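Visitor: Show me how the following folds:
(chains A and B)
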Amino acid sequence: MSTDNWSPYILTFVTFAPLLGALLLMVFPRRDRDIRIFALVFTLLTFLLSLHLPVHFHRSLAGFQYEIDRGWISTPNIHYHMGVDGISLWLVVLTTFLTPLCVLISWHSVHDRVKEFFILLLVMETALIGVFTSLDLFLFYFFWEATLIPMALLIGVFGHERKVYAAVKFFMYTMIASVFMLAAILWLYAHTGSFDFVLIRDQIARGGVPNFPAAAQWLFLGFFLAFAVKVPLFPFHTWLPDAHVEAPTAGSVLLAGVLLKMGTYGMLRFNVGLFPEQARRNAPWIMVLALIGIIYGALVAMVQPNMKKLIAYSSVSHLGFVVLGIFSFTQAGLNGAMFVMLAHGVSTGGLFMLAGILHERRHTYEISEFGGLASPMPIYAASYLFIVLASVGLPLLNGFIGEFLVLSGAFQAKPIYGVLAATGVIWSACYLLWMYQRVFFGQVTHDVNNSLHDLFAVEKAAVWPCAVAALVMGVAPILWLGAIDPATQAVLQPFAQVVGKVVGQ
Amino acid sequence: MTPNLNLWLIPILPLAGAAINGFFGKKSSRTAVTTIGLVFPGAAFAWALLVAWRFSSISLPYQEYIAHWIRSGSFSADFALYLDQLSLVMLLVVTAVGFLIHIYSVGYMWDDPGYYRFFSYLNLFMFFMLTLVLANNYLLMFIGWEGVGLASYLLIGFWFTKDSAASAGKKAFIVNRIGDFGFLIGLFLLIQHFGSLNFTQVFAQVQPLAPETAGAGLLTAIGILLMVGACGKSAQIPLYVWLPDAMEGPTPVSALIHAATMVTAGVYMVSRSHMIFERAPMALTVVAVIGTLTALFAATIGVTQTDIKKVLAYSTVSQLGYMFMACGVGAFSAGIFHLMTHAFFKGLLFLAAGSVIHAVGGEQDMRKMGGLKTYIPITFTTMLIATLAISGIPPLAGFWSKDEILWKAYQASWAYWLIGAVTALITSFYMFRLLFMTFWGDYKGIQVDDHGQAHSTHGHGDHSHGAPHESPMVMLVPLMILAALSLIGGFVGYHNGFEHFLAPVFGAEFPRSMTEGSGSTELLLMGISVLFSFAGLILAYILYVSKPELPQKIADALNGFYQAVLNKYYVDELYAKLFVKPVVDASTNILWQGVDRKVIDDSVNNTADSARQVSDEVRHMQSGNLRSYAGWIAAGSALVIAYMIWMGVR
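Guide: Next up, the predicted model:
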């Protein structure tokens, strides 16, 4: 079969296609319009290419597919090992789906250093995909850190007023936390002689790693800290609102849409995958932090006077659901966590684009500057409402599926967690609908808003795919869950054994 | 052999109508919008009739699988429909009353600039409501459940430039979400213990369970949580506060969503879950007590309101209380019976009120009406019929269903009956008060030749008003049909016919009912409650027709109490003080400014600052220049690699 010949290389193509685009852009003449078109075409092609992955994915299988494992550097023993399972598959597609939309939403809003902007965006995409496809810890760490530079530059160069402060805060915060993960990775290498995820996982499971029991808790925490800052889990979240408010729209979309998921993905892949025993032991306090994040993030979001900060804090709340789902160690919780990651990427990505559209017209995110916008901008208002409803978790849209599964899983794990987290359905309605009312309903209070232009074609092209995706994911979640379910089942395998031992079977 | 009924068409048709009008309605003519807006729900109604026609040839319950929806581990929820006698009744009520109100809306909303939007939303509502009614599992029902909430949000806030309308829509959604929170937890319990949300599978596992008479158990918990959801959707204490505000929406919306159909979803859901409630006596008691108290409480508020729609809104809350009272005493079929008759007469009352408002150029204050019976005789006649029906005057529809409820309530406890009967008296009083204030006496409104105000706030009234005028036929015909249903709709309850029809769903009546001599007791109670109804009527006549100066005197005499009732017992204010303000204040001052800024962020920045001081020597590293950071990363990576090579060599 021709697809089999392709299979080992497809991940390499998908991962590095954007980087190739970035390299080509470097030698591209500074004709801004052509640069935009080139970036759009290249990111769209990458998206189409990445669709190969779900189309030819064997859904019933739990393990890694499209694997490629070549020796890269012999000392130290670093492999070029890539592969995706049902967990990382959709995160790759989410990345390739959002990037063309980022190009579109930056069409008019980026005027200066257009070339550099799109180069950074494309480098960013490669780094993000690499994080999800790497199965070698060194490779993973390389991509992990590689995401920092383009993102920090996107914020620091193309951002708003306090961009440098925000960029430095973002960079230092996540960089410092990552050092602990690096230490953990090096310990593992020193004791197993390999960076290979699968190898290390199996060796740990067999009990074949010397001194592991003594170090396990520290290793777990090393990884966890890096991921928790990235998610961000309460109380490590304060870099996020600053970064978002200053970031250009495309930066925010990728930051909220994909970059935060690196943290939750990491927790699921490494914290739970490598250290199931420690994950189980540490779950109670992690779940408490997740719960605090859900409620605290929502409450703080509710009182934000700045639209972008409001969305940023809502991300803290939503990502709390993901962490809660993961550490519930139930099938529903894990599936739900995965689904929330994807749904949040689509709907919050959409929300940030919509906020950016407003900023471009008025150069402010202050909610009080708006009011009554549904009259001058009806299509914008309708699109915004649709995405808001997706984010609120209205059934038949994507937010509901994930939230429902996570809550159901958390409830099975510990009813009180499920009950407390379920208050999130009330809070999300409060902060989003209140914000929506203040921006769109009533009379127009600022004259300047009367003449605001409704959505431009390029903006429709950026926002509407998110709306369509939100609907499709809500109506036919089975398309995604079909691949996710076996993978999460495999993750839960060690836990099922633990339970089996306890029950005495 | 059961034929394939293609039930899926019934919800899908209005969805198609909503989509077509939503996407293309803005640029279409009003005629085109009307055609789309009526044909699709009309076709759904026709299909429902066809289903009813073939009903006897179907083996029930009939199930129709459409597609997978959610699969996660062993849990699944599908798009699949369920038809039994209960859902058939709901199906017919929703499509019939819904279709009539669609027709009425053509006249009522014709001049509104958002005409296409209105029909799109109304059709969308039908889709969700029919999904709710036809679902074969709780999760699909929940789609409809939240979906009708969305439609309600959109339609309450239809005139979104009005702040009060926008706030009312938001309030409705959020209060409903509080109820949904309970509903969801109930669903989690069901999943945890029965592994499914499918009605058939859940109830099959519930059936063999013994009633939890000894104490509260699982089923009691599930029942109470489901009731929390029902309290939100069906506006019961303590979550009823959104419904009176919902009157900000156009009047056809109040008729369809906030009287006839959506608000009864809670009653339907509780009845659908009767298998659970019957085994949880304590949960049933909760339902009965909440229903009974709400019935009385809301009725008293209705007495003091002067906005014609607000009176009807509190009346709806009160009547829904009756339905829950019925469910709570185990008389589910009586509850559904009242749900049906209420859909007829309350839908009619709202539509007629809309016709009145239309006649007087958008005025809703009854004190500025009066004497309208000569101006708008058809509206008056239909409203009179509806008022007689809701007041429980025999032989109109409301009499039958209310009497059924009161009789069943009496068998559970005389207290339910007494409160129910007193509520009936109050109901009759405030309804005839409404009728007398509006139609008797002299017209006190302005001669509506300058109606600009009314036009902008209520979106209709292009006519040059000299005096109040009758509505067009497109509005009157639905009134007449509903009036006919309000007149004769109760006869399906004759000889317990309705109960027998629903018996396959709810099972045989509780055994305690037919004791010796109960026939005469039933007649006696019936006589008393009819007397009460007439008493209310006469009282209203004395106060508002023969001695119109009396109400003010009474109000003055009871000043404190009157003020409390007039201000709806200050419940909204209480909630604002108790919940809304503390949460907003605490979130702003403690969480955001306090924890987030002072505690977390300052400590992060301080750590960074002190680190900077300590590392004064190597300050050039922290230049704030990203390129130099990138350089440091490169250097760091080199170090790491060197370390690893060294490890590898060793």
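
Visitor: and residue B:20, how far is that from chain A?
Guide: 15 Å (C-beta to the nearest C-beta, to the nearest Å). All C-beta spots, glycine's among them, are computed from the backbone N, C-alpha and C.

Visitor: which stretch of helix or strand covers the closest residue to that residue other than its chain neighbours?
Guide: Leaving aside its sequence neighbours, residue B:20 sits nearest to residue B:36 (C-beta to C-beta, 6 or more residues apart in numbering or on different chains; 5.1 Å). Using DSSP states H and E, residue B:36 falls within helix B:30-53.

Visitor: Can you list the low-confidence ranges for chain A?
Guide: A:1-6, A:497-505 (pLDDT under 70).

Visitor: Direction included, what does the strand ranked longest in it pair against?
Guide: Identified as the longest strand of chain A according to DSSP state E is strand A:65-73. When sheet partners are counted by DSSP bridges, strand A:65-73 sits next to strand A:78-84 (antiparallel).

Visitor: Quick one: list the elements packing against the helix or strand that the strand it pairs with is followed by.
Guide: Next along the chain after strand A:78-84, taking DSSP H and E as the criterion, comes helix A:86-105. With contacts defined as 3 or more C-beta pairs under 8 Å, 6 or more residues apart in numbering or on different chains; DSSP states H and E, the packing partners of helix A:86-105 are helix A:2-26, helix A:32-55, helix A:114-133, helix A:249-254, helix A:260-266, helix A:331-362, helix A:457-475, helix A:478-503.

Visitor: Format these as CSV; extra columns: distance to chain B and mean neighbour count.
Guide: Listed next are those as CSV, based on distance: least, C-beta to the nearest C-beta, whole Å; neighbours: other C-beta atoms under 10 Å in any protein chain shown:
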stretch, distance to chain B, mean neighbour count
helix A:2-26, 16, 17
helix A:32-55, 16, 18
helix A:114-133, 11, 25
helix A:249-254, 14, 29
helix A:260-266, 17, 24
helix A:331-362, 3, 27
helix A:457-475, 8, 20
helix A:478-503, 5, 17
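
Visitor: hmm, back to that, next one: the residue nearest to residue B:20 from residue A:85, what distance?
Guide: 47 Å (C-beta to C-beta, to the nearest Å).

Visitor: re earlier: from the chain's centroid, how far away is the longest strand of chain A?
Guide: 25 Å (C-alpha atoms, centre = their mean, to the nearest Å).

Visitor: contact partners of that strand?
Guide: Residues from elsewhere that reach strand A:65-73 (C-beta atoms under 8 Å, 6 or more residues apart in numbering or on different chains): A:7-12, A:53, A:57-58, A:78-85, A:135-136, A:139, A:196.

Visitor: lowest-pLDDT helix or strand in chain B?
Guide: helix B:452-458 (a mean of 41; mean pLDDT, DSSP states H and E).

Visitor: And the next helix or strand past that helix?
Guide: helix B:473-488.

Visitor: Report the contact partners of the residue nearest to residue B:20.
Guide: Contacts of residue B:36 (C-beta under 8 Å, 6+ apart): B:17, B:20-21, B:25, B:28, B:119.

Visitor: What of residue B:65?
Guide: B:78-80.

Visitor: Highest neighbour count among those residues?
Guide: The residue in the contacts of residue B:65 with the most neighbours, by other C-beta atoms under 10 Å in any protein chain shown, is residue B:80 (22 neighbours).

Visitor: Per-residue pLDDT of the residue nearest to residue B:400 when sequence neighbours are not counted, please?
Guide: The shortest distance from residue B:400 to any non-neighbouring residue, by C-beta to C-beta, 6+ apart, is to residue B:490 (3.3 Å). The pLDDT attached to residue B:490 in the predicted structure is 87.

Visitor: what separates residue B:490 from residue B:342, distance-wise?
Guide: Applying C-beta to C-beta to residue B:490 and residue B:342 gives a distance of 11 Å.

Visitor: who has more neighbours, the two?
Guide: A count of neighbours by other C-beta under 10 Å puts residue B:342 above the other of residue B:490 and residue B:342, at 31 against 27.

Visitor: May I ask which helix or strand encompasses the more buried one?
Guide: helix B:332-359.

Visitor: Report the angle between that helix and helix B:473-488.
Guide: 150 degrees (axes from the mean of the first three to the mean of the last three C-alpha atoms, to 10 degrees).

Visitor: Buried residues of the helix or strand just after helix B:332-359, list them for me.
Guide: Per DSSP H and E, the first helix or strand lying C-terminal to helix B:332-359 is helix B:377-391. Going by neighbour count (16 or more other C-beta atoms under 10 Å in any protein chain shown), the buried part of helix B:377-391 is B:378-380, B:382-391.
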